[in-house]
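K.L.:
Pasted the sequence and its predicted model underneath.
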Amino acid sequence: MDTLHSMRVFVRVIDTGSFTAAALALDLSTAQVSRLVSDLEQQLEARLLNRTTRRLALTEVGERYLQRCRQILAEVEEASAEARGAHLKPSGRLRVHTMTGLGLQHLTTLVARYSELYPEVVIELTLSQRTPDLLEDGQDVIITFARELPDSQMVAQVLGPMYSVICAAPSYLAKHGVPQDPADLQQHRYLRLLDPLYHDNWVLNGDDGEFDVLPAESLQVNVAESLAKAAQAGMGFCLLPSFVACPFLREGSLLRVLPEYRLRARNIYAIYPSRRFLDAKIKTWVDFLKAELPPLLALDEAILDDSTHWATC
């Protein structure tokens, strides 16, 4: 028995004043309407209506039940309208996860700009070095980096490329010298970012080919910003994602070393569950990122390519 349907029929009988009028309004037979109300009473084990050949009268139980039916049906309709409109109007809570560096340098600013456009969306932004499980962790969108993504049922939109570049503090370079080719890095101290996509060795790409370098390790840390601070203090060389390196390069506390080389590129992806019945807040957020993040990455690229930020002999 469909209880909600029976409740709707019961309310329509009261509103129209008869089984026959309710049947016409609902495109049912009078017998069907009568049966649905009788089944509802049987399920409730309570009489809702007193019936005569001329009129219907609510019992005391029926009066109370009618009020509750109206409340329940109104809430169901409101919930249905909200769900139907979810793909039309961005609203509600949007849970977003991204890596710490990208979140600090770019995503937090973009969240603020998105919120100005869609004030009815509350964004819950989580920053960490661990890529969570989208569904188990209850995230709506994950912004992550990868060279290739494994096959899955999720949707992945490319937002742009990111690179890692070699950096060191001017004080360290003054003391230990500026490397002239990748082989020179073997003689220097290496500050390592604990990242499953980085191996112990550096595989550097340049115009003259690919070089596999394994510097002497002196520090491991799991957050790129901490790695940059350690390099800034003169502890050694490090590989930094472009968006983390740029503020330090711009202020001159770090210099780019061997600028003709960089670690193999990775894509930045927005990952979300499905295109079907896509919630408006997810669609507008991903579309916003696709439009607004690439120009920021292009500015990063311009800073990386600016020779005033390079280490020289």
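P.N.:
Looks like it arrived, so ask away.

K.L.:
okay, CA-based contacts and neighbour counts for the rest of this
P.N.:
Will do.

K.L.:
low-scoring pLDDT stretches of the stretch 51-200 of the chain, where are they?
P.N.:
For the stretch 51-200 of the chain, applying pLDDT under 70 flags the ranges 53, 81-88, 134-136, 150-152, 195-200.

K.L.:
switch the cut-off to 90
P.N.:
Across the stretch 51-200 of the chain, residues meeting the criterion (pLDDT under 90) sit at 51-63, 66, 68-92, 99-101, 128-139, 144-156, 162-164, 179-200.

K.L.:
Helices of that one, residue ranges please.
P.N.:
For the stretch 51-200 of the chain, helices defined by DSSP state H, counting those that start in this stretch occupy the ranges 60-85, 100-102, 108-117, 170-176.

K.L.:
so can I have JSON lines of those helices showing distance to Arg51 and mean neighbour count?
P.N.:
Converted to JSON lines, the helices of the stretch 51-200 of the chain look like this (distance: least, C-alpha to C-alpha, whole Å; neighbours: other C-alpha atoms under 10 Å):
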{"stretch": "helix 60-85", "distance to Arg51": "12", "mean neighbour count": "14"}
{"stretch": "helix 100-102", "distance to Arg51": "69", "mean neighbour count": "20"}
{"stretch": "helix 108-117", "distance to Arg51": "57", "mean neighbour count": "14"}
{"stretch": "helix 170-176", "distance to Arg51": "94", "mean neighbour count": "16"}
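
K.L.:
Out of these, flag the one nearest Ile142.
P.N.:
Closest approach to Ile142 among the helices of the stretch 51-200 of the chain is made by helix 100-102 (11.9 Å; C-alpha to C-alpha).

K.L.:
Which strands and helices lie in contact with the closest one?
P.N.:
Judged by 3 or more C-alpha pairs under 8 Å, 6 or more residues apart in numbering; DSSP states H and E, the packing partners of helix 100-102 are helix 242-251.

K.L.:
burial measure for Val165, as a count.
P.N.:
Counted with other C-alpha atoms under 10 Å, the neighbours of Val165 add up to 23.

K.L.:
List the residues that contact the residue lying closest to Arg147 once chain neighbours are set aside.
P.N.:
With C-alpha to C-alpha, 6 or more residues apart in numbering as the criterion, Arg147 has its nearest non-adjacent residue at 4.6 Å, and that residue is Arg266. Applying C-alpha atoms under 8 Å, 6 or more residues apart in numbering, one finds that Arg266 lies in contact with Phe145, Ala146, Arg147, Pro161, Met162, Tyr163.

K.L.:
Buried ones in the helix or strand that contains Gln32, by neighbour count?
P.N.:
Element membership for Gln32 (DSSP states H and E) is helix 30-44. Buried residues in helix 30-44, counted by 16 or more other C-alpha atoms under 10 Å: Thr30, Val33, Ser34, Leu36, Val37, Ser38, Leu40, Glu41.

K.L.:
ok so, going back, from the contacts of Arg266, list just the buried residues.
P.N.:
Phe145, Pro161, Met162, Tyr163.

K.L.:
how close does Thr20 sit to Ser34?
P.N.:
Distance of Thr20 to Ser34, computed by C-alpha to C-alpha, to the nearest Å: 9 Å.

K.L.:
ditto for Arg113
P.N.:
Distance from Arg113 to Ser34, by C-alpha to C-alpha: 57 Å.

K.L.:
hang on, the earlier thing: ok, residues contacting the helix holding Gln32?
P.N.:
Taking C-alpha under 8 Å, 6+ apart as the rule, helix 30-44 contacts Thr3, Ser6, Met7, Val9, Phe10, Phe19, Thr20, Ala22, Ala23, Arg47, Leu48.

K.L.:
Show me the residues you listed that map onto helices.
P.N.:
Mapping the contacts of helix 30-44 onto helices (DSSP state H) picks out Thr3, Ser6, Met7, Val9, Phe10, Phe19, Thr20, Ala22, Ala23.

K.L.:
quick one: the last one and Asp15 touch, right?
P.N.:
No: under the criterion of C-alpha atoms under 8 Å, Ala23 is not in contact with Asp15, lying 11.9 Å apart.

K.L.:
and this structure, what are its domains?
P.N.:
3-85, 96-313 (automatic domain parsing).

K.L.:
So which bits of stretch 235-250 are buried?
P.N.:
Buried, per 16+ other C-alpha under 10 Å, within stretch 235-250: 235-246, 248-250.

K.L.:
correction: stretch 218-230
P.N.:
Here stretch 218-230 shows Leu219, Val223, Ala224, Glu225, Leu227, Ala228, Ala230 as buried, counting by 16+ other C-alpha under 10 Å.

K.L.:
Can you lay out these as CSV showing pLDDT and secondary structure?
P.N.:
CSV is the format used below for those (pLDDT from 0 to 100; DSSP: H, G, I helix; E, B strand; the rest coil):
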residue, pLDDT, secondary structure
Leu219, 82, strand
Val223, 85, coil
Ala224, 86, helix
Glu225, 89, helix
Leu227, 89, helix
Ala228, 93, helix
Ala230, 92, helix
